[in-house]
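Participant: Here is a sequence together with a model predicted from it:
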Amino acid sequence: MNMNHSFRAIMGVFLLGTLLITTSCQTNPNEPTPAPGNGSTGLDGYLTGNVTDPQGKPLSKATVFIDHTVITGNGPEVKSAADGSYKIQMINLAGEWVAKGYILKSYNDRVYKIQLDPENDEPFTSDEKPVRNFQWKLTGHIPDLSLDLYYGGTMELSRDPNMYDMVDAENIEFTLTPVGPLIDGSTGKVLKLQAKKRYQSEIKDIPMGRYKVTAVYKPTGEQLLVRNAWDFDDDIRYDSSVTMDFLGTESAVRYNSMSVGYTNRR
């Protein structure tokens with residue numbers, strides 16, 4: 001065989017192989033991009049993520065911490081930076097961890113503790129590169145469905161003990177009119193709320209704010225009188241409306257709650 005022909009044949013095979021290898025290494029544009037939080041965008045030895053407010057903007061000074069699923073209460077915590085990002089160094093401990101977060105918010109001379117909503121609440125190990133993002137939500141069910149807990153506040157209903165009728169609290173419509181902005185600074189809406197028949201003593205998941213409260217007994221249209229049921233002054237007085245705040249962290253038991261008393265006695 002002619003040496004020139006042999007050399008050209010060998011070079012052709014070599015170039016073809018190189019082309020095939022190069023083509024196979026290129027990214028297929030039709031392949032899906034890895035989803036955030038699956039470890040592909042994480043950092044070795046750290047939990048990372050971002051925290052946003054109800055409008056989706058970066059939220060600083062939020063507390064994020066990790067907790068072991070067996071040995072609880074020993075995980076480190078950090079504050080989110082000005083751009084909403086955070087980074088927690090993992091502890092090399094067998095087993096799984098979960099990430100949690102909360103904010104402390106000053107509003108109308110009270111301080112409120114509000115849990116953050118996790119984009120992904122799945123546990124992870126210290127060998128992974130986990131990414132967990134959080135958002136402050138005004139309303140919504142907290143992920144653990146075994147608990148009847150919500151991001152919004154709770155309004156407890158307190159019936160005047162001297163009333164002898166109107167025991168069907170589910171037929172009372174409470175109107176909550178925002179007084180000033182909500183706790184996140186946004187403009188609230190007028191809410192018309194009624195208790196569920198099996199939970200007549202409370203209404204849950206109300207956006208945190210200051211509200212003027214009125215009440216009407218729906219079957220008859222009768223306007224009821226209301227009061228702050230946690231106002232323990234000796235002179236108990238009901239009025240056509242009452243302006244109320246939710247309790248903050250000053251209450252160890254009923255924080256993020258208010259209690260409205262109601263009566264039809266004039």
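Facilitator: Sure thing, it's come through.

Participant: got the phi/psi numbers for the residue nearest to Gly73 when sequence neighbours are not counted?
Facilitator: Among residues not flanking Gly73 along the chain, Asp67 sits closest, at 7.0 Å (C-beta to C-beta, 6 or more residues apart in numbering). (Glycine included, C-beta is placed from N, CA and C.) Main-chain dihedrals, Asp67, degrees, to the nearest 10: phi -140, psi 130.

Participant: what is Leu176 paired to in the beta sheet?
Facilitator: Taking DSSP bridges, one obtains Leu191, Val213 as the residues bridged to Leu176.

Participant: and it, what does it touch?
Facilitator: 155, 190-193, 206, 211-213 (C-beta atoms under 8 Å, 6 or more residues apart in numbering).

Participant: Count the neighbours of Ser106 for me.
Facilitator: 10 (other C-beta atoms under 10 Å).

Participant: quick one, phi psi at it?
Facilitator: phi -90, psi 130.

Participant: What distance do you get for it to Leu191?
Facilitator: Using C-beta to C-beta, to the nearest Å, we find Ser106 at a distance of 23 Å from Leu191.

Participant: Just want the most central residue of the chain.
Facilitator: In the chain, the C-alpha closest to the average C-alpha coordinate belongs to Asp117, at a distance of 3.1 Å (C-alpha atoms, centre = their mean).

Participant: so who does the nearest residue to Trp136 once chain neighbours are set aside touch?
Facilitator: With sequence-adjacent residues excluded and distances taken as C-beta to C-beta, 6+ apart, Trp136 is closest to Asp53, at 5.1 Å. By C-beta under 8 Å, 6+ apart, Asp53 lies in contact with 59, 135-136, 184.

Participant: Identify the farthest-apart pair in those.
Facilitator: Spanning the widest gap among those are Gln135 and Asp184, at 11.3 Å by C-beta to C-beta.

Participant: what do those two both touch?
Facilitator: 53-54.

Participant: ok, back up a step: just the pLDDT for the residue nearest to Trp136.
Facilitator: Asp53 is assigned 97 on the pLDDT scale.

Participant: quick one: it from Ser257, how far?
Facilitator: Asp53 is 23 Å from Ser257, by C-beta to C-beta.

Participant: How about Ile71?
Facilitator: Here Ile71 is placed at a distance of 32 Å from Ser257 (C-beta to C-beta).

Participant: So for those two, which sits in the more crowded spot?
Facilitator: Shown here are Ile71 and Ser257; by other C-beta under 10 Å, Ser257 has more neighbours (18 against 12).

Participant: Would you map the helices across the protein?
Facilitator: With DSSP state H as the criterion, the chain has helices at 3-25.

Participant: so where is it shaky, pLDDT-wise?
Facilitator: 1-40, 234 (pLDDT under 70).

Participant: Domain-wise, how is it divided?
Facilitator: Domain assignment for the chain by automatic domain parsing gives 46-135, 153-263.

Participant: gap between the shortest one and the chain center?
Facilitator: The chain centroid and the centroid of domain 46-135 are separated by 12 Å, computed with C-alpha atoms, centre = their mean, to the nearest Å.

Participant: contacting residues around Lys87?
Facilitator: 43, 46-48, 78.

Participant: do that again at 6 Å, thanks
Facilitator: When the contact criterion is C-beta atoms under 6 Å, 6 or more residues apart in numbering, the partners of Lys87 are 46, 48.

Participant: and what of the one 10 residues further on?
Facilitator: Neighbour list for Trp97: 66, 68, 124 [criterion: C-beta under 6 Å, 6+ apart].

Participant: got it, and Glu156?
Facilitator: Going by C-beta under 6 Å, 6+ apart, Glu156 touches 202, 259.

Participant: How much space separates it from Tyr238?
Facilitator: From Glu156 to Tyr238 the distance is 16 Å (C-beta to C-beta).

Participant: Many thanks, I have nothing further to ask.
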